[in-house]
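Chemist: Build the 3D model from these lines:
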Amino acid sequence: MNTSRGPIYTPVELLARLIAFDTTSHRNNLGIVAFIEDYLLQHGVTSRRVVSADGEKASLFATIGPAVEGGVALSGHTDVVPVVGQTWTSDPFTMRAADGRLYGRGTADMKGFIAAVLAAVPDFNARNLKTPIHLAFSYDEEIGCIGVRPMLAEFSRTLPKPRMVIVGEPTSMQVVDAHKGPVRWQVDIKGRAAHSSMAPLGVNAITYAARLITELERIEAKLKRDPRDTRFDPPYATLQVTKLEGGTASNIIPINAVFGFEIRALPGLDPDVIERELRAFAENVCLPEMRATAPEADIVITRTNMVPPFGADPASDVVALALKLSGQNETYTVSYATEAGLFQDAGAPAVVCGPGDIAQAHTADEWIAESEIAKCMTFLRRLGEWAETA
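Modeler: Residues are numbered from 1 along each chain as shown. Okay, here's the model as predicted:
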């Protein structure tokens with residue numbers, strides 16, 4: 001039990017403070033980290049930064065209760081997506097309340113959860129916790145779950161490894177026990193330039209990009225057939241080309257082309273299989289033809305990021321705990337990704353449950369219902385009660 005008396009704020013008041021920090025992923029997040037550190041310290045809770053390699057960003061880890069291995073971690077990310085190109089009716093970084101809704105960038109995804117967790121700190125402190133409650137706040141989740149990875153590397157080294165993790169992404173406080181995982185690649189094609197009137201002298205990089213994309217369409221069609229999981233919508237892994245560039249001028253055979261593609265993998269799908277199929281097509285079909293004219297021609301396939309698909313560990317009691325705390329008896333799946341799979345791969349079984357609707361995330365005039373914050377506070381109060389006896 002911690003008897004320190006820090007400032008008492010409502011979750012709505014804290015959310016307004018958090019929204020005021022522009023933590024778009026291309027900016028640093030040190031301002032919001034310092035604010036949270038100071039708030040926790042005023043409540044007698046020390047925290048540890050895990051700083052990025054360039055020193056511009058940091059994750060934050062804190063423990064309330066006994067400083068031992070195990071316990072439950074409440075995980076949230078501090079970064080938000082850009083507002084550029086969106087038309088807002090008010091300043092996205094000044095929270096606005098209207099008709100039971102709280103508007104601002106990050107209200108739903110996912111500063112609403114962080115605000116609720118911080119508002120629950122005085123209640124956690126007032127309890128004689130038998131099992132610790134950890135706070136794990138990361139950076140750069142929106143651009144590939146980057147910031148959480150160095151923090152996970154410190155588990156069981158400089159940080160206690162939680163026994164369970166609750167990731168507070170917006171699920172309308174429903175318990176999510178599985179989600180798809182995005183895996184992304186970049187494909188660079190090098191051909192040979194030539195005057196377009198002398199096409200046989202060149203190797204058209206765009207043409208071979210198109211052939212590789214056609215092969216991906218074949219792979220995509222196979223993924224739609226198998227494997228399938230009807231708990232998801234759509235019930236199969238999706239594959240799409242997300243970026244395509246190439247060419248210099250209309251009278252030059254393109255020497256370079258580059259495209260990106262991603263899959264949203266179901267739990268259990270091995271992305272290496274897709275990569276091997278595309279590599280085999282490039283090496284056995286495309287490159288022999290290209291190098292017959294241009295020995296210097298090449299195709300380079302690079303995996304740029306992977307967030308593992310997530311399926312809750314059936315041996316863990318984290319799902320049962322989340323159902324108990326939320327007062328529900330049914331779990332759900334989502335097609336968007338979270339940090340849950342990374343926690344689970346690091347040996348900390350996870351579940352996803354947080355306030356807000358994912359349909360509001362990333363949109364202009366992003367909002368969260370005040371009733372969602374209230375539901376989250378009830379969830380956290382029950383967590384504190386459980387941690388007193390667990």
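Chemist: could you pull out the helices for the stretch 101-250 of the chain?
Modeler: For the stretch 101-250 of the chain, the helices defined by DSSP state H, counting those that start in this stretch occupy 112-126, 148-153, 205-225.
Chemist: from those helices, which stretch is densest packed?
Modeler: helix 112-126 (a mean of 24; mean count of other C-beta atoms under 10 Å). For the C-beta atoms, the positions are set from N, CA and C on the backbone; glycine is no exception.
Chemist: Who are the packing partners of that helix?
Modeler: With contacts taken as 3 or more C-beta pairs under 8 Å, 6 or more residues apart in numbering; DSSP states H and E, helix 112-126 sits against helix 11-19, helix 30-42, strand 58-64, strand 72-77, strand 133-138, helix 370-389.
Chemist: May I see the helices of the stretch 101-250 of the chain arranged in a markdown table, with mean pLDDT and distance to Pro11 as well?
Modeler: Below are the helices of the stretch 101-250 of the chain laid out as a markdown table (pLDDT from 0 to 100; distance: least, C-beta to C-beta, whole Å):
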| stretch | mean pLDDT | distance to Pro11 |
| --- | --- | --- |
| helix 112-126 | 97 | 4 |
| helix 148-153 | 97 | 23 |
| helix 205-225 | 97 | 41 |
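Chemist: Can I get these in TSV including distance to Gly55?
Modeler: Converted to TSV, the helices of the stretch 101-250 of the chain look like this (distance: least, C-beta to C-beta, whole Å):
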stretch	distance to Gly55
helix 112-126	22
helix 148-153	12
helix 205-225	38
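Chemist: just to revisit the earlier point, just the helices and strands packed on helix 112-126: most buried one?
Modeler: Greatest burial across the helices and strands packed on helix 112-126, using mean count of other C-beta under 10 Å, falls to strand 72-77, with a mean of 27.
Chemist: Pairing partners for the next helix or strand after it, with directions?
Modeler: Of the helices and strands lying after strand 72-77 in sequence (DSSP states H and E), the nearest is strand 96-98. If you go by DSSP bridges, strand 96-98 pairs up with strand 101-103 (antiparallel).
Chemist: contacts for the partner strand?
Modeler: 12, 15, 90, 95-97, 112, 365-370, 373 (C-beta atoms under 8 Å, 6 or more residues apart in numbering).
Chemist: Would you point out the most distant pair within those residues?
Modeler: Ser90 and Ile373 (19.1 Å; C-beta to C-beta).
Chemist: what's Thr338 in contact with, if anything?
Modeler: 141, 145, 167, 169, 179, 310, 352.
Chemist: next one: Asn256
Modeler: Taking C-beta under 8 Å, 6+ apart, one finds 188-191, 205, 246 in contact with Asn256.
Chemist: repeat that with 6 Å
Modeler: Residues near Asn256 by C-beta atoms under 6 Å, 6 or more residues apart in numbering: Ala205.
Chemist: how close does it sit to Thr63?
Modeler: Distance, Asn256 to Thr63, using C-beta to C-beta, to the nearest Å: 51 Å.
Chemist: What of Pro227?
Modeler: According to C-beta to C-beta, Pro227 stands 40 Å off from Thr63.
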